[in-house]
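Peer 1: what's the 3D shape of this:
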Amino acid sequence: MLLRSWDRGEDAEWRAWLAAGRDFGLLAANGTDGRGPVLVPTHFLLDADAGEILLHLAAPNPIWAALRADPQVTLSVTDDHAFAPGRWRGDPGTPTSYYASVQFSCTAETVEDAAGKAEILNRQLAHFQPEAPEVRVVPGAEPFGGLLPGLRGLRLTVREVRAKFKYDDKKPADEQRAIAGLLAERGQGLDAGARAQLLRRNARRAGAPAPGRPGPAPSDCPAG
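Peer 2: Okay, here's the model as predicted:
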């Protein structure tokens, strides 16, 4: 992912963006025998204190063979994307894409023991369905213990974080702000999310609070 000085995301920025419920991404591992990369869409849990990402996948998933050959992986989260037609952006009328994306470069460790897998599952359950704290995975116990052999846990140690918020920050602030109105007028797809990010970035350039609904407080995610 190309990062320019004007669209590079700061630590507090990408932490807050992810903390707003963005916990589904694309995990990429290098393919074996010269094949293309293995790509796995997946939910994940970013562990703030340990600086790691936790998830689980089915035992037959092709990513396990790839990880045995090379444990270096990338987890990418992308959202709030929209197409900006050239007529919106002034001369010479070059269209572009708006998007926010965070990429974690990680070292993967496969977790195969029952206790370790249960720990990962229970932490994910606590995150994704906190309204049901009584639901627990206990090795050897019903109703979920018997399912553990069919999956493996994955612990990703974060080595680097690259974050990008591409919303025309290179343009004059008033021109950038005008595009927010065009996104609101079109109002399709993820235009609302892209507009919110554009306005937030624009307000930050002016040193003013971002308009619209307030965002979440920054989380304690590992620094990039």
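Peer 1: part of a strand, is residue 25?
Peer 2: Yes: residue state for residue 25 (DSSP: H, G, I helix; E, B strand; the rest coil) corresponds to a strand.
Peer 1: surely residue 28 meets residue 41?
Peer 2: No: when contacts are counted by CB atoms under 8 Å, residue 28 is not listed as touching residue 41 (10.6 Å). Just so you know, the C-beta spots here come from the backbone N, C-alpha and C atoms, and that holds for glycine as well.
Peer 1: Now the spatially most central residue of the chain: which helix or strand?
Peer 2: By CA atoms, centre = their mean, the chain has its centre lying nearest to residue 77, at 2.7 Å. Using DSSP states H and E, residue 77 sits in strand 72-84.
Peer 1: Next, the buried residues of the helix or strand that comes right after that strand.
Peer 2: Using DSSP H and E, the next helix or strand after strand 72-84 towards the C-terminus is strand 96-111. Buried residues in strand 96-111, defined by neighbour count with 16 or more other CB atoms under 10 Å: 98-106, 108, 111.
Peer 1: Then stretch 30-46?
Peer 2: Neighbour count says stretch 30-46 has 30-31, 38, 40, 42, 44-46 buried, by 16+ other CB under 10 Å.
Peer 1: From these, which land in strands?
Peer 2: Using DSSP state E, 38, 40, 42, 45-46 are the members of these that sit in strands.
Peer 1: what about this structure, any weak spots by pLDDT?
Peer 2: Along the chain, segments meeting pLDDT under 70 span 48, 208-224.
Peer 1: Would you map the helices across it?
Peer 2: For the chain, the helices defined by DSSP state H cover 11-19, 63-69, 114-128, 173-186, 191-206.
Peer 1: Run a quick neighbour tally on residue 83.
Peer 2: Residues within reach of residue 83, counting by other CB atoms under 10 Å, total 16.
Peer 1: Nearest to residue 69 among the buried residues of stretch 30-46?
Peer 2: Closest approach to residue 69 among the buried residues of stretch 30-46 (CB to CB): residue 30, at 7.2 Å.
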